[in-house]
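J.: missing the sequence, but the structure's below:
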């Protein structure tokens, strides 16, 4: 016998509920976007898809922390957060992440940009999960008149909220991870931890040229638009888009060759110069240990019977 | 055929820094790029490497820095073959500045990029950092050290790329179109920087006025061969040879209003600007404001009227708001305030159809050419207009003939030369018969021959024209009215002739080309030509000796003047191939 509490509400409230979620999400996104815009330096167009990664200096504990320790600690801590299953520790994790952000004096605009990037993902969970989680004993279901098969499960909402809280807590840590050292230093740290050096070089060049290709694509799209092109669901559109992508590929390929030539002309022989050799200090290990201990504490709290 | 100047034997130095011997190179697709190049370059020389597009200039400088290996022949650097370890070491002292700085700035910050070369030279991180900072200081970018390259303006990127080379303290600098797409102010800064470079400099450019200011020796390439190797002074006086190699830029030397050029060469016939034109304007902007999403004010309460048939220049320094204004006129961006086209307010609905009325030729025509053939490229916009096939074909043939690209229908746009692509882009827009034609920096990257051809086409157009350009010659040659933009405002709306005489306005907007004016004056003096009449014997070819007689004969002679009062020679050269053997050995002298 399944023991489920049913709360019946008028059918029109399903429409309200369905609209409320996206509306709240859209409002949050708009708010975040406005906040981020307000904090972006004048003259530099914000880029919602590729957050800037360059370090602008800083002398906080996180900036001085050995990059290898930082990568290992934050990744390990992130896995611990991902393993949480209850909302309270997940919310506490957000608190810890915010403390770290303050300690790293991270840019609020960049943090907001990163949150924006995951807003859609989180929104999908918040909207879909309450309607799709399997029913269990003790669940509370909101059922709509005349639509008995569509139940809004409050446990599902809680689960989605927990996932959202974990995602936010981890995302907030990306700024201290990536913005407290120059990208080449972070990638060099990764390669010192065993990641292939070629991967690091490719990430570095990709980050640099994503912006260039994006600008090229935008100019080409403008070029099509001023000659009357509008996207439609027909073969002409398909053909035009194929031409566009083909030309973008050709231009990107040609640029890749020229960039490689430019690198060779300045003495590149397959390896980028290494940043200053990192030296591990006892303090780095101590900080890593303390941070991981905090993660373990959260895990233990999460596993304790309520 | 152009007048053939006897080619002097190659300049040979006893101890050249760079030497090229019988160099041949063929690209993998079979294109023969270089054939039998023989060249010696001494330390400290400043060489202009010129020739039409596809003559092998870029291939040659890639050979000089070892990016391409010779097919046959040798390249020597510091007396040793440029290969193996010597090539690797050589690359660290030969700097190559690419045309597009984005190719060269691969570092994630300007400082990291500039320090890349010194690190490859074996300097420690600290030493490389110091060298990079010093180089950035030289190019006036010390405050941009931590910027990401994509946040720099084009001119700043170009200087950052140069800093990356200067930080390596190169002995040789190879420059590929260093001034392409730079505004006048940035160009002047760049020129000043290059003038202070003490090493050997080899510069590929179509801009002979820039080269004239920078270089002393000119090497002319033609179909992969060295066609001429002499001083730049000699090159600029040989109009016949300049023309034969697609380099005749002399049409540009008539810029100053005081020059005694024919009225047709000075610019379009302009009616005096009326204070209040009676007809309704084609385009009206009133209190038009545009802000970027980050809040940057790009257009600030702009008022503008454009009347049908007008030819208007839009000038201003980089960042003045010109591109934003174009985007708004085209309907790509929408600001606040009043924008009326042909008397109708541009609403969201009209904005979507503005492309039918307004055409734009982009600065980089690669941005608007994306089809597989010229025919498809022309047809793309016409199909959007919903025209029938027969009409599309008819208009295509008409515009291709107009821009001199008849028979190009099946060619691939990507494989056309720079000048051909520019004309194709223009044809694509003209085929749509826009009521307002906008040209964004139409001369960027073109060789002088292509520029002259484009000028001829644009002069013949009967359309309302808005020309955005830093090229004051084109502004003068094509427009009657000039709008000067500065910090989002239209600072001045005046007759082009008045604008060109207002040096203060030019200086304010970074449009004054003092060195260009100086170079133009010097070259005009070198190209000084006059007619000289004198008596000489004349034999009618193939006829009896009795028909030989004396008569007055007129020559048009080009020569240089060492000084107004000094005696000087007229070399046996003529402007237009008047090939009379009885004068070939007879230099005239006069006072």
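T.: That came through fine. Quick caveat, the model's predicted, so the values are computed rather than measured.
J.: where's residue A:166, which helix or strand?
T.: According to DSSP states H and E, residue A:166 maps onto helix A:154-178.
J.: from the chain's centre, how far out does that helix sit?
T.: Here helix A:154-178 is found 10 Å from its chain centre; the criterion is C-alpha atoms, centre = their mean, to the nearest Å.
J.: is chain B contacted by the next helix or strand after that helix?
T.: For helix A:154-178, the following helix or strand on the C-terminal side (DSSP H and E) is helix A:183-192. Yes - judged by C-beta under 8 Å from any C-beta of the partner chain, helix A:183-192 and chain B are in contact via A:183, A:184. Every residue, glycine included, has its C-beta placed from N, CA and C.
J.: can you mark which positions in helix A:183-192 are buried?
T.: Within helix A:183-192, the residues that count as buried by 16 or more other C-beta atoms under 10 Å in any protein chain shown are A:183, A:184, A:185, A:186, A:187, A:188, A:189, A:190, A:191, A:192.
J.: between those residues, which is nearest chain B?
T.: Distance to chain B across these (C-beta to the nearest C-beta) is lowest for residue A:183, with 5.2 Å.
J.: you'd agree the closest one is up against residue B:107?
T.: No - between residue A:183 and residue B:107 there is no contact under C-beta atoms under 8 Å: 10.1 Å.
J.: is residue B:340 in a helix, a strand, or coil?
T.: strand (DSSP: H, G, I helix; E, B strand; the rest coil).
J.: on the three-state scheme, the nearest residue to it once chain neighbours are set aside is what?
T.: Nearest residue to residue B:340 in three dimensions, chain neighbours excluded: residue B:284, at 4.3 Å (C-beta to C-beta, 6 or more residues apart in numbering or on different chains). Of the three states, residue B:284 takes strand according to three-state DSSP.
J.: who does residue B:284 bridge with?
T.: residue B:305, residue B:340 (DSSP bridges).
J.: please enumerate the strands of the stretch 401-550 of chain B.
T.: B:436-440, B:464-468, B:481-486, B:489-495, B:529-538, B:549-558 (DSSP state E, counting those that start in this stretch).
J.: partner strands of the first one, with direction?
T.: In other words, strand B:436-440. strand B:358-361 (parallel), strand B:464-468 (parallel).
J.: circling back: closest to residue B:400 out of the buried residues of helix A:183-192?
T.: For these, the minimum distance to residue B:400 (C-beta to C-beta) is 48.5 Å, reached by residue A:183.
J.: right, and residue B:232 touches residue B:215 too?
T.: Yes - using C-beta under 8 Å, residue B:232 is in contact with residue B:215, at 5.5 Å.
J.: now do the shared contacts for the two.
T.: Counting by C-beta atoms under 8 Å, 6 or more residues apart in numbering or on different chains, the shared contacts of residue B:232 and residue B:215 are residue B:48.
J.: can you pull out the low-pLDDT segments for chain A?
T.: Chain A contains residues with pLDDT under 70 at A:1-2, A:21, A:36-57, A:276, A:306.
J.: and the lengthiest helix in it, anywhere near chain B?
T.: Counting residues, the longest helix found in chain A (DSSP state H) is helix A:235-265. Yes - contact of helix A:235-265 with chain B (C-beta under 8 Å from any C-beta) involves A:236, A:240, A:243-244, A:246-247, A:250-251, A:255, A:258-259, A:261-265.
J.: lowest average confidence, helix or strand, in chain B?
T.: Ranked by mean pLDDT, DSSP states H and E, the weakest helix or strand in chain B is strand B:588-590, scoring a mean of 40.
J.: what sits against residue B:487?
T.: Residue B:487 touches B:300, B:320, B:321, counting by C-beta under 8 Å, 6+ apart.
J.: mind checking how far the second one is from chain A?
T.: Think residue B:320. 14 Å (C-beta to the nearest C-beta, to the nearest Å).
J.: where does that residue sit: helix, strand or coil?
T.: Assignment for residue B:320 (three-state DSSP): coil.
J.: now do the first one
T.: When states are read from three-state DSSP, the local structure at residue B:300 comes out as strand.
J.: over to the spatially closest residue to it that is not a sequence neighbour: give its phi and psi.
T.: In this structure, residue B:300 finds its nearest non-sequential neighbour in residue B:488, 4.0 Å apart by C-beta to C-beta, 6+ apart. Here is the backbone geometry of residue B:488 (degrees, to the nearest 10): phi 80, psi 0.
J.: and the nearest residue in space to residue A:164 that is not next to it in sequence, how many neighbours?
T.: Nearest residue to residue A:164 in three dimensions, chain neighbours excluded: residue A:122, at 4.5 Å (C-beta to C-beta, 6+ apart). The burial count assigned to residue A:122 is 20, neighbours taken as other C-beta atoms under 10 Å in any protein chain shown.
J.: and which of the contacts of residue B:487 is nearest to residue B:116?
T.: Checking the contacts of residue B:487 one by one against residue B:116 (C-beta to C-beta), the nearest turns out to be residue B:320, at 33.2 Å.
J.: related to what we said a few turns ago, narrow the residues of helix A:235-265 next to chain B to those that are buried.
T.: Judged by 16+ other C-beta under 10 Å, buried ones among those: A:240, A:243, A:244, A:247, A:251, A:255, A:259, A:261, A:262, A:263, A:264, A:265.
J.: closest to residue B:121 out of those residues?
T.: Closest approach to residue B:121 among these (C-beta to C-beta): residue A:265, at 13.2 Å.
J.: quick one: the closest one and residue B:55, what's the gap?
T.: 21 Å (C-beta to C-beta, to the nearest Å).
J.: again, but for residue A:102
T.: As judged by C-beta to C-beta, residue A:102 and residue B:55 stand 62 Å apart.
J.: more neighbours: which of these two?
T.: It is residue B:55, of residue A:102 and residue B:55, that has more neighbours when counted by other C-beta under 10 Å, with 25 against 10.
J.: the closest residue to the more buried one other than its chain neighbours: what secondary structure?
T.: In this structure, residue B:55 finds its nearest non-sequential neighbour in residue B:221, 4.3 Å apart by C-beta to C-beta, 6+ apart. Under three-state DSSP, residue B:221 falls in the strand class.
J.: what do you get for the one 5 residues further on?
T.: Secondary structure, three-state DSSP: residue B:226 is strand.
J.: what do you get for residue A:99?
T.: helix.
J.: ok, now the one 10 residues further on?
T.: In terms of secondary structure, residue A:109 is helix; the call rests on three-state DSSP.
J.: for burial, what's the neighbour tally of it?
T.: 18.
J.: relative to chain A, how far out is residue B:347?
T.: With C-beta to the nearest C-beta as the criterion, residue B:347 and chain A are 17 Å apart.
J.: then residue B:28?
T.: With C-beta to the nearest C-beta as the criterion, residue B:28 and chain A are 12 Å apart.
J.: Three-state assignment for that residue, please.
T.: Residue B:28 - assigned by three-state DSSP - is coil.
J.: just give me the neighbour total for it.
T.: 5.
J.: likewise for residue B:387?
T.: Neighbour tally, residue B:387, other C-beta under 10 Å: 17.
J.: surely it forms part of a strand?
T.: No - per three-state DSSP, residue B:387 lies outside any strand segment and is coil.
J.: how about it, phi and psi?
T.: The phi/psi pair for residue B:387 (degrees, to the nearest 10) is phi -80, psi 160.
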